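Quick one, structure for this:
(chains A and B)
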Amino acid sequence: MSIRIDIPPYLQPLTDNREVVAVDGRTIGACLDHLVRQFSRMGKMLFDEKGSLHSYVGIYLNGEDAYPDELTKPVAEGDTLYILYVIGGG
Amino acid sequence: MLTEDERHRYERQIGIREVGEEGQEKLKLARVIVAGSGGLGSAAAIYLAAAGVGTLRIIDHDRVELSNLNRQVLHWDRDIGRGKVESAGEKLSQLNPGVRVEALAEKIDETNASRLVRGFDLIVDGLDNLPTRYLLNRAAVENNIPFIHGTIYGFEGRVMTIIPGKTACLKCVYRGLIPPGRCPAIGTVPAVIGCIEATEAIKYIVGAGHLLTDRLLVYDGLAMKFTELRVKRDPNCEHCGHLVVRDRQ
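Next up is the predicted model:
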């Protein structure tokens, strides 16, 4: 099952500057695990030591906020995930 | 009531069907806070002043530094070392003497945020850090004042309009704090985002169009694309969750 993850500019240095990464998985959590297996430095950016998403990371499924319980939400072929990493400049 | 000079100054925007003379009068009566006069605040404040917003309260406790000048276009080389609100107030008054500029050189904190925004119609986010944004978001919710959020990092920018009690607030969308660090910035990005913030402010004041509520607009200057994310109110939001409960009763 192919799921597309859109990588925001802030995180693209961790995905070899790729804007889009294809992953497999039946849940958002499985898709993010697959992303981390491809780009290991994403692990610390997304997850804390207990494996939970950092509070400053938002996951959007087909453009909609997947909060709460993001990691267990199911995904389907052709779905798109967007990682919203908190930024604070002005 | 507009003067003849004002009709002349604003004739191009009065000619917009959604603004008209009635909208221009609303702009003249409007009291808007621009919190921060850096990259975002400079862009937003310039266009709000040019559009004829009657009162602009600019809040910033910083002084102009050389490294600000690549993006903070209200401040010029000659202003290095001056207070930012003094520098900003001078430029905005020269741009449009009809605008009343209140320049407050105060640091927004937990003790004064609510006081600083009280009595104003709208708050525009020109801040450079997340903790102060959260303070302002809470103050906006407490005082029922719409809050237009903007932020940037490098070639990325984001913007969203918040109507307290009706639409998702900043804390419904961002739930945590990132580790502190310096934010890289190029001037065109806060210019884009600040101008969208000013557009939202003008639309809100004159009552035109569709506001960017429950939607976070993400600007990617590298790919040159905008992405719209649908955000939602969080019933457990520590800032506005109590208002969600009240709505359901």
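
quick one, strands of chain A?
Taking DSSP state E to define them, one finds strands in chain A at A:2-6, A:20-24, A:57-61, A:64-65, A:80-85.

Show me what the shortest one is in contact with.
Residues lying outside strand A:64-65 but in contact with it, judged by Cβ atoms under 8 Å, 6 or more residues apart in numbering or on different chains, are A:58-59, B:173, B:229-232. Placement of C-beta: from N, CA and C, glycine included.

From these, which land in helices?
Judged by DSSP state H, the contacts of strand A:64-65 include residue B:173 as members of helices.

could you redo the contacts of strand A:64-65 as TSV and give each row pLDDT, distance to residue B:78 and neighbour count?
Formatted as TSV, the contacts of strand A:64-65 follow (pLDDT from 0 to 100; distance: Cβ to Cβ, whole Å; neighbours: other Cβ atoms under 10 Å in any protein chain shown):
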residue	pLDDT	distance to residue B:78	neighbour count
A:58	96	42	23
A:59	98	47	21
B:173	96	39	25
B:229	98	41	19
B:230	98	45	13
B:231	97	42	26
B:232	95	47	13
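
Could you dump the strands of chain A into JSON lines and include distance to residue B:47?
Formatted as JSON lines, the strands of chain A follow (distance: least, Cβ to Cβ, whole Å):
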{"stretch": "strand A:2-6", "distance to residue B:47": "30"}
{"stretch": "strand A:20-24", "distance to residue B:47": "34"}
{"stretch": "strand A:57-61", "distance to residue B:47": "29"}
{"stretch": "strand A:64-65", "distance to residue B:47": "30"}
{"stretch": "strand A:80-85", "distance to residue B:47": "27"}
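
Which single one of the contacts of strand A:64-65 is nearest to residue A:28?
Closest approach between these and residue A:28, by Cβ to Cβ: residue A:59, at 5.8 Å.

hey, what's that closest one bridged with?
residue A:83 (DSSP bridges).

wait, what's in contact with residue 5?
Using chain A. A:20-23, A:31-32, A:35, A:80-83.

was after chain B, sorry
Residue B:5 neighbours (Cβ under 8 Å, 6+ apart): residue B:98.

starting at the chain centroid, how far to the helix or strand hosting it?
Per DSSP states H and E, residue B:5 falls inside helix B:4-9. Computed by Cα atoms, centre = their mean, to the nearest Å, the chain-centroid distance of helix B:4-9 equals 26 Å.

which residues in chain A form helices?
Along chain A, the segments classed as helices by DSSP H run A:28-38, A:42-46.

Identify the single longest helix in chain B, thanks.
Longest helix in chain B, counting by DSSP H: helix B:188-206.

Residue A:32 touches residue A:45, doesn't it?
No. Between residue A:32 and residue A:45 there is no contact under Cβ atoms under 8 Å: 10.6 Å.

higher neighbour count, the two?
residue A:32 (25 against 16; other Cβ atoms under 10 Å in any protein chain shown).

residue contacts, that one?
So residue A:32 contacts A:5, A:23, A:25, A:46-47, A:59, A:71, A:81 (Cβ under 8 Å, 6+ apart).

how would you label residue B:160: helix, strand or coil?
At residue B:160 the chain is in strand, as set by DSSP: H, G, I helix; E, B strand; the rest coil.

Contacts only, for it.
Listed by Cβ under 8 Å, 6+ apart, the contact set of residue B:160 reads B:148-149, B:168, B:170, B:173, B:212-213, B:215-217, B:231.

between the next helix or strand after the longest helix of chain B and strand A:2-6, how big is the angle?
Where DSSP H and E defines the elements, the next helix or strand beyond helix B:188-206 is strand B:215-220. Here strand B:215-220 runs at an angle of 80 degrees relative to strand A:2-6 (axes from the mean of the first three to the mean of the last three Cα atoms, to 10 degrees).

tell me what strand B:215-220 is packed against?
Packing partners of strand B:215-220 (3 or more Cβ pairs under 8 Å, 6 or more residues apart in numbering or on different chains; DSSP states H and E): strand B:156-162, helix B:188-206, strand B:225-230.

re the thing from before, so which of the contacts of residue A:5 wins on neighbours?
Neighbour counts for the contacts of residue A:5 peak at residue A:31, which has 27 neighbours (criterion: other Cβ under 10 Å).

Tell me the spacing between that one and residue A:46.
As judged by Cβ to Cβ, to the nearest Å, residue A:31 and residue A:46 stand 11 Å apart.

do residue B:168 as well
Per Cβ to Cβ, residue B:168 is found 22 Å from residue A:46.

Tell me which residue lies nearest the centroid of chain B.
For chain B, the residue nearest the mean C-alpha position is residue B:124 (1.8 Å; Cα atoms, centre = their mean).
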